[in-house]
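Visitor: No sequence on hand, only this structure:
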């Protein structure tokens, strides 16, 4: 009887196990799976998944995401994000960059059926185009029409309906990608505008976040102090760039400026800078030289000072230009007929051309504005460089070479 009682106790202690022979297999585990875990496989771990990595899947990579890499992110590209593109930038493409999430794309308010309504860059023109130059000469319709009709930019004349100075703040700036700063007054020789430190701070922040600024001066001719003081009240505290109270680009270097509308050539371009691409000269007259901060890039200069200055600020960019004449339509001619352009002096006998001051015998062309200057190309380069990162700025013009 005692023998049966002892047997019952032993069966109770080892209940649920089928083997009681005490052999090596029994010693290896209490459930007969030949490993040291509490599972039912023979892989030496406790996860019951038939591999030896100790996780809860069957891919053998040491993590639990079910793919074949060790990054733990549930895809198989081996990086640390979940977009499956093979890089770590989380943007869904495979180019290993960190593209700006605010990258500007083409906007078509009326839909794709009306592409003529689409636009890319929003350019706000602050100030007026009026100049001390002759009114006919200071027409800027070529510039404005070129942007509105031939490009994917849209131009808003901020002061077209309201002659008062705009308040430069976050609310104002959010409607634009680029600001073009002109003559800072409601009308020629009127009271010039003065900007507050708060407005300069708002502009600085906007630029650093990706905004672009282009400034020009020289509208006031020889009366420069008030003009440069006005624009400097905004530009200098915001960017460190300022205009000098001087008068430059006044003397024609070779006495041939009458050949191209009395404009002096603004030259001295750095061929290595993007703004200088395919540009050697633009027309100018009575401008102001530019003070450039130490981290600025001098795009064009002469003995009179800096003529075009470029500056990168955070994500944004600034371009300052020493004169307003590159805006004028008289310098935008696409293809000038010398016979009409020089109707009073143009000789029909080609043998006589070499004796004409306005004929460049070495290069074989007449010194008309389209041969002397590259104004459309210059403005394309300036706007393209100053613009926020985008994939949509396009322009059509026979004198512009796109890179």
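Guide: That came through fine. Treat the numbers as computed from the prediction; the structure is a model and nothing was measured.
Visitor: Tell me the helix or strand right after the least confident helix or strand in the chain by mean pLDDT.
Guide: Lowest on mean pLDDT, DSSP states H and E among the helices and strands of the chain sits helix 24-28, with a mean of 37. Counting by DSSP states H and E, the next helix or strand C-terminal to helix 24-28 is strand 122-126.
Visitor: partner strands of that following strand, parallel or antiparallel?
Guide: According to DSSP bridges, strand 122-126 has the following sheet partners: strand 154-157 (parallel), strand 178-181 (parallel).
Visitor: quick one: that strand to chain centroid distance?
Guide: Averaging C-alpha positions (C-alpha atoms, centre = their mean, to the nearest Å) puts strand 122-126 16 Å from its chain's average.
Visitor: which residues sit against the longest helix belonging to the chain?
Guide: Assignment by DSSP state H gives helix 224-239 as the longest helix of the chain. Helix 224-239 has contacts (C-beta atoms under 8 Å, 6 or more residues apart in numbering) with 168, 181, 183-185, 192-195, 197, 199-201, 203-204, 207, 213, 215, 217-220, 241-247, 288, 293, 311, 313, 318, 320. For the C-beta atoms, the positions are set from N, CA and C on the backbone; glycine is no exception.
Visitor: Among the residues you listed, name the ones in strands.
Guide: 181, 213, 215, 242, 243, 311, 313, 318, 320 (DSSP state E).
Visitor: can you name the two of these that are farthest apart?
Guide: The distance between the two most remote of these (C-beta to C-beta) is 17.9 Å, for 243 and 313.
Visitor: Compare the two (neighbour count), which wins?
Guide: Neighbour count, other C-beta atoms under 10 Å: between residue 243 and residue 313, residue 243 has more, with 28 against 23.
Visitor: Quick one: residues contacting that one.
Guide: 217, 228, 231, 232, 235, 288, 289, 290, 291, 320, 322.
Visitor: Which one of these sits in the busiest neighbourhood?
Guide: residue 322 (31 neighbours).
Visitor: Is it correct that that residue is in contact with residue 291?
Guide: No. Counting by C-beta atoms under 8 Å, residue 291 is not a contact partner of residue 322; they are 11.1 Å apart.
Visitor: between these two, what contacts are shared?
Guide: Joint contacts of residue 322 and residue 291 (C-beta under 8 Å, 6+ apart) are 243, 306.
Visitor: where does the stretch 51-200 of the chain have low pLDDT?
Guide: 51-102, 110-116, 132-138 (pLDDT under 70).
Visitor: that older thread, reformat the contacts of residue 243 as CSV; add distance to residue 104 and pLDDT.
Guide: Listed next are the contacts of residue 243 as CSV, based on distance: C-beta to C-beta, whole Å; pLDDT from 0 to 100:
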residue, distance to residue 104, pLDDT
217, 28, 93
228, 32, 94
231, 27, 96
232, 30, 97
235, 24, 98
288, 32, 95
289, 33, 96
290, 28, 98
291, 31, 98
320, 23, 98
322, 29, 97
